[in-house]
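Visitor: Fold the stuff below for me.
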Amino acid sequence: MARSILAVLAGWLVWGVVCQLGDGGVRYFTPKDFDEKGLTESTSILIVLLLLRVGYSIISGATTGLIAATNPMGHVYALCLFNFIFGAVVQYLYRDALPMWFHVVFLVSLIPSILLGGYFSTGLR
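Guide: Numbering: from 1, shown residues only. As a prediction, the model looks like this:
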């Protein structure tokens, strides 16, 4: 039971940490594209951020699948639900800061990307 909780929590934490590092890197290398609040209106930067989020999701799904002792995809499904709920809340909070298409594409791509990472992890076992 503890390992199951750890597997889902680790996937969620990995997503958050990798996201902070990746987005920070984008802001570091393209500072002119961001305002003082760290937001951007650049479509190309937003697309890069979305592509990075697909990568973060794959990594988090793989992390959860690798840590789970049994039924890795069951744990990955739990991560999908947890991350989708959390992601929907965050997207709602940033609804005025980013274009609507960003929110929609992010939420639509989140679950398939996490599942892909989970499937990758089952091949690594």
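
Visitor: Packing partners of the longest helix that the chain contains?
Guide: Taking residue count as the measure and DSSP state H as the definition, the longest helix of the chain comes out as helix 2-29. Identification of packing neighbours for helix 2-29 by 3 or more CB pairs under 8 Å, 6 or more residues apart in numbering; DSSP states H and E yields helix 43-67, helix 72-93. Backbone N, C-alpha and C define where each C-beta goes, glycine included.

Visitor: Give me the distance between residue 35 and residue 97.
Guide: For residue 35, the distance to residue 97 (CB to CB, to the nearest Å) stands at 10 Å.

Visitor: The two: which has the busier surroundings?
Guide: When neighbours are counted by other CB atoms under 10 Å, residue 35 and residue 97 differ, and residue 97 comes out ahead with 15 against 9.

Visitor: The helices and strands packed on helix 2-29: which one's closest to residue 20?
Guide: Shortest distance between residue 20 and these, using CB to CB, is found for helix 43-67: 9.8 Å.

Visitor: Check which helices and strands that closest one sits against.
Guide: With 3+ CB pairs under 8 Å, 6+ apart as the test, helix 43-67 has helix 2-29, helix 72-93, helix 100-124 packed against it.
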